[in-house]
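In: Pasting the sequence and the predicted coordinates here, then a few questions.
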Amino acid sequence: MASPSATTATATATATATATATANGGMPNSSLYIKNLNSKVKKEELRRQLYALFATYGPILDVVATRAHGMRGQAFVIFHDIAPATAARRALTGFLFYDSPLLIEYARTKSRATLLQQNRHEGLYQAA
């Protein structure tokens with residue numbers, strides 16, 4: 001059994017890691033939240049151009065952009081894996097896109113596309 005001081009140290013380390021990750025753009029995952037997008041760009045054009053820009057880093061499951069009130073100037077790019085999402089985030093943060101520097105963070109939650117992909121893979125393993 002772990003001593004109380006070891007348990008406290010582990011909890012403190014976990015809290016510190018989580019706080020650091022959140023301050024640096026969230027916990028790494030395969031979904032990126034992009035903000036500071038030019039709100040005058042049409043939705044379909046924005047989706048196409050984001051796909052073209054981010055696809056150079058790895059396979060993309062979906063690009064979600066909407067012009068709904070409160071979501072203008074924002075989008076989500078969902079990668080197949082975490083590694084290409086991380087590479088894209090590092091390379092493209094600050095990149096001028098339609099005259100606005102991209103601000104990129106990890107999404108706070110998993111996307112629906114990611115969850116569907118995981119469920120498909122789990123179904124394959126359960127059927128075997």
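Out: Nice, thanks for sending it over.
In: CA only for contacts and neighbour counts going forward, please
Out: Noted.
In: Show the subsequent helix or strand relative to the least confident helix or strand in the chain by mean pLDDT.
Out: Ranked by mean pLDDT, DSSP states H and E, the weakest helix or strand in the chain is helix 4-23, scoring a mean of 44. As assigned by DSSP states H and E, the chain's next helix or strand after helix 4-23 is strand 31-35.
In: the strands in this protein, which residues?
Out: 31-35, 60-65, 74-79, 96-97, 100-101, 103-106 (DSSP state E).
In: Adding distance to Ala88, mean pLDDT and mean neighbour count, write those strands out as JSON lines.
Out: Converted to JSON lines, the strands of the chain look like this (distance: least, Cα to Cα, whole Å; pLDDT from 0 to 100; neighbours: other Cα atoms under 10 Å):
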{"stretch": "strand 31-35", "distance to Ala88": "9", "mean pLDDT": "95", "mean neighbour count": "23"}
{"stretch": "strand 60-65", "distance to Ala88": "11", "mean pLDDT": "93", "mean neighbour count": "19"}
{"stretch": "strand 74-79", "distance to Ala88": "10", "mean pLDDT": "94", "mean neighbour count": "24"}
{"stretch": "strand 96-97", "distance to Ala88": "14", "mean pLDDT": "97", "mean neighbour count": "14"}
{"stretch": "strand 100-101", "distance to Ala88": "14", "mean pLDDT": "97", "mean neighbour count": "14"}
{"stretch": "strand 103-106", "distance to Ala88": "9", "mean pLDDT": "97", "mean neighbour count": "23"}
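In: Select, out of those, the one closest to Arg48.
Out: strand 60-65 (8.4 Å; Cα to Cα).
In: neighbouring strands for the closest one, and are they parallel or not?
Out: With DSSP bridges as the test, strand 60-65 is paired with strand 74-79 (antiparallel).
In: Which residues does the partner strand contact?
Out: 30-37, 50-51, 54, 58-66, 85, 107, 111, 113-114 (Cα atoms under 8 Å, 6 or more residues apart in numbering).
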